[in-house]
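Enquirer: Here is the input, now give the coordinates:
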Amino acid sequence: MNVSFSALHRVAQTACVTLGLVASATATAQASETRAVPGRGASPTQTSPSAPDATAVKVIRIAYAVAQNSHYGAGVDAFGRELAELTNNRFRVEHVPAGKAGGELEILNKVKSGELEMGNTSTGPLGNIVPEAKLFDLPFLFSDYAHARRTLDGKIGQSILELFPKYGLIGLAWSENGFRHITNNRRAVIYPADLASLKLRTMENSVHMEALRTLKAQPTPLAFPKLFDALKRGELDGQENPLPVILASKFSETQRFLSLTQHFYSPCVLTVSPALWATLNEQDRYAFKMAARAAVRAQRDRVNADEFSALTALRASGMQINTFVDTNAFRSALRPAYERMLPGLNPKIIEEIRTFR
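Expert: All right, here's what the predicted structure looks like:
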């Protein structure tokens, strides 16, 4: 991968205050929450293109791969409500859930081409379009949710969002999918050796696949909408996903063991088609950014709630849940593979992320 992570590090260090509108999605009681929109205080100076017809309603389709009653759907709901309020109902959001627009890579490419207005996807396939985003896919990079959220909302996360336009996408904000765990039908996963020979569905993500290969598993890329049926037919031993996805997708109907490995943190990203973005004036772009902040809060809140309730629900459904995993053994097994996962990676940026507080 021809990505200069030392250059990325320099970008992260010098990221400027223009990140303010999209940064700190989880911060409370921010002054910017007094929104500069019509009827709610002074509005930003409008620039070309000119203001749209106030009587026209623009439909914004937001696609995602999982069920509408998931954390993804909660984020899209919040985005739609906030955007309608900030623009006097000139925009109306429509959900395109459950893989109706294809898998996540297909969604991202449709947003890039303008076939879809927006996407709400995990970062799994994002690195195929924005190589620098693969940084966040490294295993055991974040210690907990607070650490991950601070990093994404801070200068490093925001500096990577600023790179999206050169790859043909607009990145509004980092949202959340959650820490990923392994389910399978063969055995509990406690030590690295327990992954040997397990055929696990993974996303179309080179970092994830290299990590699983290093642990002697058999990573098998598959679009998410096809996963449930593949598990049901026994074509795969298992898969790995955050608890909210495992719960919403009813994987307990096809999987016996759940091991809380927390091996990858999976952010989400709200993306906008450059074709749509080019039609928006400054005021509407501001409204989209503020609506994205509302979506981030709602989606992360739903992840928190689902994490709290999912284990009880999954255990009641019959899954055998393994809460002990030898994380140190996994870290040791994976450390030699970092250079293979991200060639040219600057170790300093990894250390900066791991020690970021």
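Enquirer: going forward, measure contacts and count neighbours with C-alpha atoms only.
Expert: Fine.
Enquirer: Wasn't residue 284 part of a strand?
Expert: No - with DSSP: H, G, I helix; E, B strand; the rest coil as the criterion, residue 284 is located in helix rather than a strand.
Enquirer: How about the contacts made by it?
Expert: With contact set as CA atoms under 8 Å, 6 or more residues apart in numbering, residue 284 has these partners: residue 87.
Enquirer: measure it to residue 271 for me?
Expert: 15 Å (CA to CA, to the nearest Å).
Enquirer: Poorly predicted segments of the stretch 1-150 of the chain, please.
Expert: 1-55 (pLDDT under 70).
Enquirer: For it, which segments are assigned as helices?
Expert: 5-13, 71-86, 104-113, 145-153 (DSSP state H, counting those that start in this stretch).
Enquirer: can you map out the strands along the stretch 201-350 of the chain?
Expert: With DSSP state E, counting those that start in this stretch as the criterion, the stretch 201-350 of the chain has strands at 218-221, 238-242, 257-259, 265-272, 320-322.
Enquirer: looking at the ones you listed, which is closest to residue 79?
Expert: Comparing the strands of the stretch 201-350 of the chain by their distance to residue 79 (CA to CA), the top pick is strand 265-272, with 10.0 Å.
Enquirer: what angle do the closest one and helix 145-153 make?
Expert: 30 degrees (axes from the mean of the first three to the mean of the last three CA atoms, to 10 degrees).
Enquirer: helices or strands up against strand 265-272?
Expert: helix 104-113, strand 118-122, strand 170-184 (3 or more CA pairs under 8 Å, 6 or more residues apart in numbering; DSSP states H and E).
Enquirer: how many neighbours does residue 190 have?
Expert: 19 (other CA atoms under 10 Å).
Enquirer: Same question for the one 5 residues further on.
Expert: Other residues near residue 195 come to 23 when the count uses other CA under 10 Å.
Enquirer: Skipping adjacent residues, who's closest to residue 223 in space?
Expert: For residue 223, ignoring the flanking residues on the chain, the nearest one in space by CA to CA, 6 or more residues apart in numbering is residue 103 at 5.0 Å.
Enquirer: my guess is that neighbour contacts residue 63, does it?
Expert: No - counting by CA atoms under 8 Å, residue 103 does not reach residue 63; the two are 9.6 Å apart.
Enquirer: More neighbours: these two, which one.
Expert: residue 63 (31 against 23).
Enquirer: ok, now how distant is that one from residue 331?
Expert: Distance from residue 63 to residue 331, by CA to CA: 35 Å.
Enquirer: cool, and residue 62?
Expert: 36 Å.
Enquirer: Would you list the phi and psi of the residue nearest to residue 223?
Expert: Here is the backbone geometry of residue 103 (degrees, to the nearest 10): phi -70, psi 180.
Enquirer: show me what contacts it?
Expert: Residue 103 neighbours (CA under 8 Å, 6+ apart): 65, 223, 224, 225.
Enquirer: quick one, what contacts the spatially closest residue to the first one that is not a sequence neighbour?
Expert: Yep, that's residue 65 we're talking about. Closest residue in space to residue 65, ignoring its immediate chain neighbours: residue 99 at 4.1 Å, by CA to CA, 6+ apart. Residue 99 makes contact with 63, 64, 65, 66, 224, 225 under the criterion CA under 8 Å, 6+ apart.
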